[in-house]
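1. Give me a model of this one.
(one chain, ligands or ions: 1)
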Amino acid sequence: MTEKLEKMMNDSKAMRWGVLTLVAFTMLCGYFLTDVMAPLKPMLEAQLLWDSMDYGIFTSAYGWFNVFLLMLIFGGIILDKMGVRFTGMSACILMVIGCALKYCAIAGHITIDGTILGMKSQVVLAAVGYAIFGVGVEIAGITVSKIIVKWFKGKELALAMGLEMATARLGTMLAMSVTIPFAKLFGTTMPDGSIQPDIPAPLLLCLVMLCIGAVGFFIYTFIDRKFDEQQNEENMEQEEPFRAKDIFLVIANKGFWLIALLCVLFYSAVFPFLKYATDLMVNKYEVDASLAGMIPALLPLGTLFLTPFFGNLYDRKGKGATIMIIGAMMLIAVHFLFALPLLNEWWFATFLMIVLGVAFSLVPSAMWPSVPKVIPEKQLGTAYALIFWVQNWGLMGVPALIGWVLNTYCRLDGEVGTSAYDYTLPMYIFTGFGVAALFVALLLKREDKKCGYGLEEPNIQK
Ligand SMILES: C[C@H](N)C(=O)N[C@@H](CCCCN)C(=O)O
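-> Okay, the predicted model is just below:
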């Protein structure tokens, strides 16, 4: 073994945290577009005459290509074969193309008369754009996870992952809080003095931000190349190339399946919920539509500080499996309370959203850094890709399910364009996902005891 001659680039705190800042910013831009349509749901219904089913179909498009065309699995293979630079840049380009198409469809720059497969053509075009974007942002997520492992392995891995997620949540928060004011800024003043928001304006802002995010990642590719060269010079152990056999090794691992199941169940009760949360605030808590996005925005705000905090706790004290169990319990309590017909006050909704923020910090901060404890490092890219693929079934299916349930069973007035829904049933569905997630988290803790993954052990070895 050649002696390590020079300080490695990732030994420099400034360098590794700087790298994290660059790639996390790219993710922030991606998460902004992911959720930008949520606060606009009532306006989509009022101005573009979409209904909840249209919105559900559009939202579910995020996972179409990832799930059915296996784009995430191919993405994982490409990542392991071609490396982070090629895969990350391709992902950024896909995000920009997808966002551009979505913007053009919503702004009416691209139109097709009539319907496509029985759906409004505008909904289909916007959905296809969102589906292309979904491939890009998910592959970017896997790539960034691999980049973080590359730079932080044996260092502050969970803290770094927590900070990356926190930065990405800032994008969600921007989507929830900035979208409506921005749409109003460019809106039209109506004869009665009210302002009709400009729905495409926030999408254009996202497009600009995604271009900036892509430039950020482009800058990272130069740093990554230097790091690879340094690792080569230092004759450090290189990553083993991808082999098809790795997929089978990963899927034969019971711990992998428990994490993947926990991931799809937990995230199905959070991300799809966020897509409807603004509408829930309007319909159940009677918050003014122009302010309603502010309450769901508190969820990512809390996670901003708490995800790195719990990540750091896991790094130093362990208890990963227990953290996931507590998070799942809190998720159940929040959704159940959202479902019950009590305290229909904005402050109670705000309180629940804050508690949900804590739950949404606990589970991800422990779950993602637990993957390297269950899966050998050389199969990590594939494992993350497969987990994301399983998760995407939920991210795709649940919004469509909720949209259908709202349209079919929860309409209060039956009129399109007035958005009046009873959210009790959707909230019970989200509670059900929480209960299933808790069950899987308990199984994971039992499996950890049996197989000795070390989920309850600290990540930083003394
Ligand atoms: C939506 C995406 N598939 C996802 O699960 N994102 C996670 C972060 C995963 C990255 C772990 N290093 C999230 O909580 O946003």
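2. Could you use CA atoms for every contact and neighbour count after this?
-> Noted.
3. from the protein, which residue is nearest to the ligand?
-> Minimum separation of the chain from the ligand (C-alpha to the nearest ligand atom) falls at residue 145, amounting to 4.3 Å.
4. does that residue sit in a helix, a strand or a coil?
-> helix (DSSP: H, G, I helix; E, B strand; the rest coil).
5. Roughly how far does it sit from residue 429?
-> To residue 429, residue 145 is 30 Å away according to C-alpha to C-alpha, to the nearest Å.
6. These two: which is more packed in?
-> Neighbours were counted for residue 145 and for residue 429 using other C-alpha atoms under 10 Å; residue 145 has more, 21 against 18.
7. any idea what sits nearest the more buried one, other than its immediate chain neighbours?
-> residue 161 (7.5 Å; C-alpha to C-alpha, 6 or more residues apart in numbering).
8. what's near enough to touch that neighbour?
-> By C-alpha atoms under 8 Å, 6 or more residues apart in numbering, the residues touching residue 161 are 145, 148, 308, 311, 365, 368-369.
9. and the closest residue to residue 166 other than its chain neighbours, what does it touch?
-> Nearest non-adjacent residue to residue 166, counting by C-alpha to C-alpha, 6+ apart: residue 304, 4.2 Å away. Applying C-alpha under 8 Å, 6+ apart to residue 304 gives the contacts 163, 165-167, 169-170.
10. With residue 423 instead?
-> Counted by C-alpha under 8 Å, 6+ apart, residue 423 has contacts 280, 283-284, 339, 406, 410.
11. Repeat that for residue 383.
-> Shown in contact with residue 383 (C-alpha under 8 Å, 6+ apart): 247, 250, 256, 371, 375.
12. Following element in sequence after the host helix or strand of the fourth one, please.
-> If I follow you right, that is residue 371. Take DSSP states H and E as the rule and residue 371 turns out to sit in helix 346-374. Downstream of helix 346-374, the first helix or strand assigned by DSSP H and E is helix 380-409.
13. Please report how far the residue nearest to residue 71 when sequence neighbours are not counted lies from residue 74.
-> Distance criterion C-alpha to C-alpha, 6+ apart; nearest residue to residue 71, sequence neighbours excluded, is residue 65 at 6.0 Å. Remark: distance between residue 65 and residue 74 (C-alpha to C-alpha) = 11 Å.
14. When those two are compared, which one has more neighbours?
-> residue 65 (20 against 16).
15. Buried residues of whichever helix in the chain runs longest, list them for me.
-> When the chain is parsed with DSSP state H, its longest helix is helix 200-233. Going by neighbour count (16 or more other C-alpha atoms under 10 Å), the buried part of helix 200-233 is 200-204, 206-211, 213-218, 220-221, 223-224, 227, 230-231.
16. Might you enumerate the residues of this structure proximal to the ligand?
-> 138, 141, 145, 161, 165, 364, 368, 388 (C-alpha under 6 Å from any ligand atom).
17. Now do the buried residues in the helix holding residue 371.
-> Buried-residue list, helix 346-374, by 16+ other C-alpha under 10 Å: 346, 349-350, 352-374.
18. Tell me the confidence at the residue nearest to residue 166?
-> Here the pLDDT value assigned to residue 304 is 86.
19. Could you check the angle the helix or strand hosting it makes with helix 346-374?
-> Assigned by DSSP H and E, residue 304 belongs to helix 294-317. Here the directions of helix 294-317 and helix 346-374 differ by 30 degrees (axes from the mean of the first three to the mean of the last three C-alpha atoms, to 10 degrees).
20. Which residues does the next helix or strand after the longest helix of the chain contact?
-> On the C-terminal side of helix 200-233, the closest following helix or strand by DSSP H and E is helix 244-251. With C-alpha under 8 Å, 6+ apart as the test, helix 244-251 has contacts from 256-257, 375, 379, 382-383.
21. what is the mean pLDDT for helix 244-251?
-> 82.
22. for stretch 224-241, same thing?
-> Here the average pLDDT along stretch 224-241 is 77.
23. again, but for stretch 422-439
-> Here the average pLDDT along stretch 422-439 is 96.
24. give me the low-pLDDT residue ranges for this protein?
-> Applying pLDDT under 70 to the chain flags residues 1-6, 235-242, 414-419, 461-462.
25. tilt between the helix or strand encompassing residue 162 and helix 346-374?
-> Using DSSP H and E, residue 162 sits in helix 157-185. Put simply, helix 157-185 runs at 140 degrees to helix 346-374, going by the same axes, to 10 degrees.
26. and the angle for helix 157-185 with helix 200-233?
-> Going by the same axes, to 10 degrees, helix 157-185 makes 160 degrees with helix 200-233.
27. Does residue 289 touch residue 42 like I think?
-> Yes. In this structure residue 289 lies within contact range of residue 42 using C-alpha atoms under 8 Å: 7.4 Å.
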